[in-house]
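> Predicted model and sequence below, questions to follow.
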Amino acid sequence: MSNIVFKLVCLILSFLLIQQTSIAQRTSAGQDRLNAWEHRQTLVERSPFRDLRWEAMGPKFAGGRIESIDCPPGDLSTIYAGVGAGGIWKSTNGGLTWRPIFGNQSTYAIGDLAVAPSDPNQIWLGTGECHLSRTSYPGNGVYRSLDGGETWEHRGLTETAHIGKVLIDPIDPLTVYVAAMGRKQKGGQRGIYKTSNGGKTFSRVLYEGEQTGFVDIVMDPFNHKRLYATSWDRGPVGKSAIFRTDDSGKHWIRLEKGFPKKDLDRIAIDVGQSREGVVYSLVTDRTSPELARRGHASIIFRSDDFGDTWTRCHEGYVPTYVGWDFCDLRVAPDDDNRLYIGGLRLITSNDGGQTFEGEGGFAVNKDPTQVFRLHPHRGIGLHLDVHDIWIDPVHPNRILLGNDGGLFCSSDHGNSWLHFNNLPIAEFYRIHLDDQEPFHIWGGTQDNASFVGPSTARYQPGRDDNWEQVFLDPWTGGDGFATFPDPNSPTRTFYTQQNGDLKRSRLGQLRPEKSIRPRRKKGEPPLAFDWDTPFFASKHDGRTVLYCSAQCVFKSLDLGDSWNRISPYFGTQGQRCLAESPADARRLVVGRDGKNLHFSPDNGAQWTAAGPGLPEKRLRDINLSHHDPDVAYVALSGKDDSDCTAYLFKTEDFGKTWISLAQGLPAESVNAIEEDPVVSGLLYVGTDLGVFISTDHGRTWDALANGIPTAPVVDLEVHARDGKLVAATHGLSIYILDISTL
């Protein structure tokens with residue numbers, strides 16, 4: 001096929017693809033993911049590169065988001081930990097070592113997992129993270145294992161997207177209830193679902209409309225036919241509510257007496273086990289002045305008559321943020337007055353929710369020395385952002401806690417904690433490779449700061465990491481994004497945190513030396529930085545030249561002390577991607593989506609909008625060619641609209657025209673595109689499920705899957721000198737691949 005014919009075919013296919021996926025909202029996103037998985041498996045099996053094997057690099061010592069925890073009751077050895085975007089890990093020695101048991105499935109996003117009380121080998125998993133933050137990933141239904149996680153089978157509810165809770169009947173393990181949150185937007189499967197035949201069929205037994213999901217469901221320990229469920233109304237009225245059934249889901253009643261009827265968000269619920277009839281709920285109140293002043297306003301209610309009537313437990317509000325990301329409540333099995341509340345911080349109450357302890361974010365007694373770790377860590381105390389609390393019903397003093405920093409265990413009711421920081425589950429955003437010998441990898445993560453480690457680092461159970469933190473917030477975490485050293489002074493570091501919070505520091509100095517965020521000039525509009533602000537140092541100039549962008553592009557020649565705006569204002573939103581050409585120092589590209597992409601041939605003096613052919617999807621990555629200054633690649637994503645189509649495009653005339661390179665790729669959101677700096681035509685892409693390679697300029701694609709589990713690959717970088725490809729995942733840390741033979 002001639003090059004002209006190939007371009008024409010690509011243009012036609014690009015147009016058809018855009019037309020097909022411009023339909024408002026896809027109705028089969030979950031099924032699309034399953035179909036993409038089958039396509040991917042075919043590519044894996046036939047890949048000519050299956051002998052190339054990825055190696056896990058860690059880090060592990062800082063942990064990552066633990067979304068769900070469960071254990072066989074009374075079993076002190078077996079722990080199942082569900083990682084937000086990293087599958088399920090299992091320990092059979094009380095947390096000392098782990099192995100992944102859900103690493104080769106069609107999804108990695110964990111909502112809730114449950115072990116059958118009557119059979120410890122039966123495990124049910126609801127996929128799709130149980131929150132709606134910027135970084136939460138959807139799933140594709142429920143799975144079941146009958147052999148302790150060795151094998152899994154998909155059991156339906158494909159379009160649930162995000163599952164809040166899975167509940168197994170204590171007598172009959174074939175009877176399972178699922179609280180389905182549904183999509184971030186309207187639609188999808190949402191409500192309370194029930195199966196009585198092990199998932200062969202499900203019936204929806206409770207439904208409140210297309211904008212109301214269900215996030216929690218618990219069972220009365222004195223009567224397995226009595227259940228309580230909480231809805232989450234994300235509409236303007238906020239009619240979230242609590243429901244009860246006394247006949248295993250056939251009939252439900254709304255429990256309203258003494259309980260707010262509107263202006264509510266997420267609700268958590270739990271039932272006391274030491275006295276019949278005791279029920280607690282943790283409620284997010286939209287109406288309180290605290291919501292505007294402190295960013296949170298939550299209340300605890302108690303019922304002593306099975307939810308027929310409710311009483312507010314305390315004056316004021318619960319002293320921890322509870323919202324869309326985390327909202328958890330547990331009643332101690334042996335004392336219905338002892339509560340554990342999981343929000344931004346873990347707090348406790350010993351008097352039925354009247355007063356609280358633990359607001360400091362450390363152990364309950366606020367003594368930071370009472371948090372111990374398996375591996376060295378510069379942080380003190382418990383990490384923030386609690387996602388799950390598990391209390392051993394046989395040994396109530398034993399508690400497992402999952403938060404954004406990993407898995408913690410207490411054997412004394414939460415007075416002291418052991419951090420199992422031996423899981424390689426960091427959620428990276430982006431990485432940078434330097435030119436040291438060996439080269440080092442720099443990267444920022446979700447809520448666990450930024451790291452640097454040598455390319456020789458490897459994940460080794462039982463051994464300390466070769467990674468170190470570039471910075472660390474006082475509460476043991478902090479979001480880190482673009483992170484890199486000064487090319488002219490390796491001990492000087494740069495990094496950015498949320499919404500354009502750019503910092504300059506020194507390696508090993510956890511607190512920043514200086515904030516270098518650009519400031520608007522008098523009379524100019526406010527700067528709108530993105531959550532993940534583009535920020536990097538030029539590779540061309542002998543000086544240290546920095547670039548960053550808000551809704552315009554900035555350049556600094558003095559290490560960030562001052563900035564010059566080198567572009568007009570492109571709309572009111574911050575720019576998601578910014579790139580410099582490695583082949584021509586004058587060329588820059590900036591953009592947020594397919595309709596807001598601009599090119600400069602002269603270092604910002606002039607800017608031209610991209611030509612037609614790109615869909616109006618969110619821009620995920622820009623890569624400019626090492627071999628031809630007119631060539632650029634862009635990756636876009638529609639998953640915010642439940643669209644997992646692969647959007648990958650190339651221009652050969654610096655943005656005037658576009659061709660699609662997605663033919664042959666599975667329907668997976670593309671997060672990263674990298675052109676090989678040595679071999680022309682050799683391309684790598686990172687998707688929501690793995691890595692693919694093309695040796696012919698994107699005409700055909702093969703899988704690079706050996707050794708890397710199912711994971712969202714969010715950034716790719718090639719080190720030309722050493723022949724290494726480095727993949728950053730959002731949930732399973734860093735992987736490295738030797739590509740020198742290519």
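Right, received. Where do you want to start? This is a predicted model, so every value here is computed, not measured.
> Tell me where this protein is predicted with low confidence.
Along the chain, segments meeting pLDDT under 70 span 1-27, 289-296, 359-369.
> max-length strand in it?
Secondary structure of the chain read by DSSP state E shows that its longest strand is strand 223-233.
> Give me the buried positions along that strand.
Neighbour counts over strand 223-233 (16 or more other Cβ atoms under 10 Å) mark 226-233 as buried. Every residue, glycine included, has its C-beta placed from N, CA and C.
> Partner strands of it, with direction?
Paired neighbours of strand 223-233 in the sheet (DSSP bridges): strand 212-220 (antiparallel), strand 242-245 (antiparallel).
> Go through these and pick out the most buried.
strand 212-220 (a mean of 24; mean count of other Cβ atoms under 10 Å).
> rewinding a little: how far away from the center of its chain is the longest strand of the chain?
On the basis of Cα atoms, centre = their mean, to the nearest Å, strand 223-233 sits 27 Å off its chain's mean C-alpha point.
> Output it in PDB, but only the C-alpha positions, please.
The C-alpha coordinates for strand 223-233 follow below in PDB (Å, rounded to 0.1, in the frame of the first residue of the first chain):
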ATOM      1  CA  ASN A 223     -31.300 -11.800  61.500                       C
ATOM      2  CA  HIS A 224     -29.800 -12.500  58.100                       C
ATOM      3  CA  LYS A 225     -33.000 -11.600  56.400                       C
ATOM      4  CA  ARG A 226     -32.800  -8.000  57.700                       C
ATOM      5  CA  LEU A 227     -30.500  -5.700  55.700                       C
ATOM      6  CA  TYR A 228     -29.800  -2.000  55.500                       C
ATOM      7  CA  ALA A 229     -28.700  -0.100  52.400                       C
ATOM      8  CA  THR A 230     -27.800   3.500  51.700                       C
ATOM      9  CA  SER A 231     -28.400   5.400  48.500                       C
ATOM     10  CA  TRP A 232     -26.300   8.200  47.100                       C
ATOM     11  CA  ASP A 233     -28.300  10.800  45.200                       C
END
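> tell me the contacts of Phe214?
164, 179-181, 190-192, 206, 208, 229-232 (Cβ atoms under 8 Å, 6 or more residues apart in numbering).
> just curious, which of the residues you listed is nearest to Phe692?
Met181 (30.5 Å; Cβ to Cβ).
> tell me the secondary structure for the closest residue to Gly198 other than its chain neighbours?
In this structure, Gly198 finds its nearest non-sequential neighbour in Leu174, 4.3 Å apart by Cβ to Cβ, 6 or more residues apart in numbering. Counting by DSSP: H, G, I helix; E, B strand; the rest coil, the backbone at Leu174 sits in coil.
> What residues does Leu174 make contact with?
Contacts of Leu174 (Cβ under 8 Å, 6+ apart): 195-198.
> likewise Ala635?
Contacts of Ala635 (Cβ under 8 Å, 6+ apart): 619-621, 647-648, 670-673, 685.
> In the contacts of Leu174, find the pair that's most separated.
Greatest spatial distance among the contacts of Leu174 (Cβ to Cβ): Ser196 and Gly198, at 8.3 Å.
> hang on, the earlier thing: mind checking how far the residue nearest to Gly198 is from Lys194?
Leu174 sits 11 Å away from Lys194, going by Cβ to Cβ, to the nearest Å.
> Kindly report the same for Gly86.
Distance of Gly86 to Lys194, given as Cβ to Cβ: 29 Å.
> of these two, who's got more company?
Higher neighbour count among Gly86 and Lys194: Gly86, with 32 against 22, using other Cβ atoms under 10 Å.
> can I assume the more buried one is in contact with Gln446?
No: using Cβ atoms under 8 Å, Gly86 is not in contact with Gln446; the gap is 11.6 Å.
> Touching both of the two, which residues are there?
When contacts are counted by Cβ under 8 Å, 6+ apart, Gly86 and Gln446 are jointly contacted by Gly64.
> residues in contact with whichever strand or helix holds Gly164?
Taking DSSP states H and E as the criterion, Gly164 maps to strand 163-168. The contact list for strand 163-168, computed with Cβ under 8 Å, 6+ apart, reads 111-117, 122, 124-128, 130, 139, 142, 157, 175-181, 213-219, 227, 232.
> For stretch 391-406, list every residue counted as buried.
By 16+ other Cβ under 10 Å, the buried positions in stretch 391-406 come out as 391-392, 396, 398-406.
> Repeat that for stretch 533-550.
By 16+ other Cβ under 10 Å, the buried positions in stretch 533-550 come out as 533-538, 544-550.
> Among those, which pair sits farthest apart?
Thr544 and Ala550 (20.8 Å).
> re the thing from before, just to be sure, which of the buried residues of stretch 391-406 are found in strands?
Those of these mapping onto strands are 391, 399-403, 406, per DSSP E.
> Could you check how many residues crowd around Lys200?
Using other Cβ under 10 Å, the number of residues around Lys200 comes to 10.
> any idea which helix or strand carries it?
Secondary structure assignment for Lys200, by DSSP H and E: no helix or strand.
> hey, what's Tyr232 bridged with?
Heads up, residue 232 is Trp, not Tyr. The partner residues for Trp232, given DSSP bridges, come to Gly213.
> Go ahead and confirm it touches Ile267.
Yes: between Trp232 and Ile267 a contact is recorded at 7.0 Å, counting by Cβ under 8 Å.
> Which residues are in contact with each of the two?
Common neighbours of Trp232 and Ile267 (criterion: Cβ under 8 Å, 6+ apart): 215, 240.
> what angle do the longest strand of the chain and strand 163-168 make?
170 degrees (axes from the mean of the first three to the mean of the last three Cα atoms, to 10 degrees).
> which among the contacts of Leu174 gets closest to Phe49?
For these, the nearest to Phe49 is Gly198 (39.2 Å; Cβ to Cβ).
> Wait, Arg234 touches Gly213, no?
Yes: the pair Arg234 and Gly213 qualifies as a contact (Cβ under 8 Å) at a distance of 7.2 Å.
> who does the residue nearest to Val178 when sequence neighbours are not counted bridge with?
Among residues not flanking Val178 along the chain, Tyr193 sits closest, at 4.5 Å (Cβ to Cβ, 6+ apart). Beta-bridge partners recorded for Tyr193 (DSSP bridges): Val178, Arg204.
> Contacts only, for Tyr193.
By Cβ under 8 Å, 6+ apart, Tyr193 lies in contact with 157, 160, 177-178, 180, 202-205.
> After the helix or strand hosting Lys650, heading C-terminal, what element do we hit next?
Counting by DSSP H and E, the element that carries Lys650 is strand 643-651. Next helix or strand after strand 643-651 toward the C-terminus (DSSP H and E): strand 659-660.
> how distant is that following strand from the center of its chain?
The gap between where strand 659-660 is centred and where its chain is centred comes out at 29 Å by Cα atoms, centre = their mean.
> Now do that strand: which elements does it pack against?
Under the contact criterion of 3 or more Cβ pairs under 8 Å, 6 or more residues apart in numbering; DSSP states H and E, strand 659-660 touches helix 3-21, strand 643-651.
> Paired strands for it, with orientation please.
Next to strand 659-660 in the sheet, as set by DSSP bridges, lie strand 643-651 (antiparallel).
> From Cys327, how far off is His413?
For His413, the distance to Cys327 (Cβ to Cβ) stands at 22 Å.
> Who has more neighbours out of those two?
More neighbours surround Cys327 than the other of His413 and Cys327, with 28 against 19 (other Cβ under 10 Å).
> so who does the more buried one touch?
Contacts of Cys327 by Cβ under 8 Å, 6+ apart are 215, 266-268, 282, 284, 298, 342-343.
> cool, Gly402 as well?
Applying Cβ under 8 Å, 6+ apart to Gly402 gives the contacts 65-69, 81-82, 386-390, 408.
> So which of the residues you listed is the closest to His39?
Of all those, His39 sits closest to Gly82, with 26.1 Å by Cβ to Cβ.
> Over to that closest one. Which of the three states is it?
What three-state DSSP gives for Gly82 is strand.
> and the helix or strand hosting Leu502, which residues are buried?
Here Leu502 sits within strand 501-506, counting by DSSP H and E. Across strand 501-506, burial judged by 16+ other Cβ under 10 Å covers 501-505.
> Noted, bye for now.
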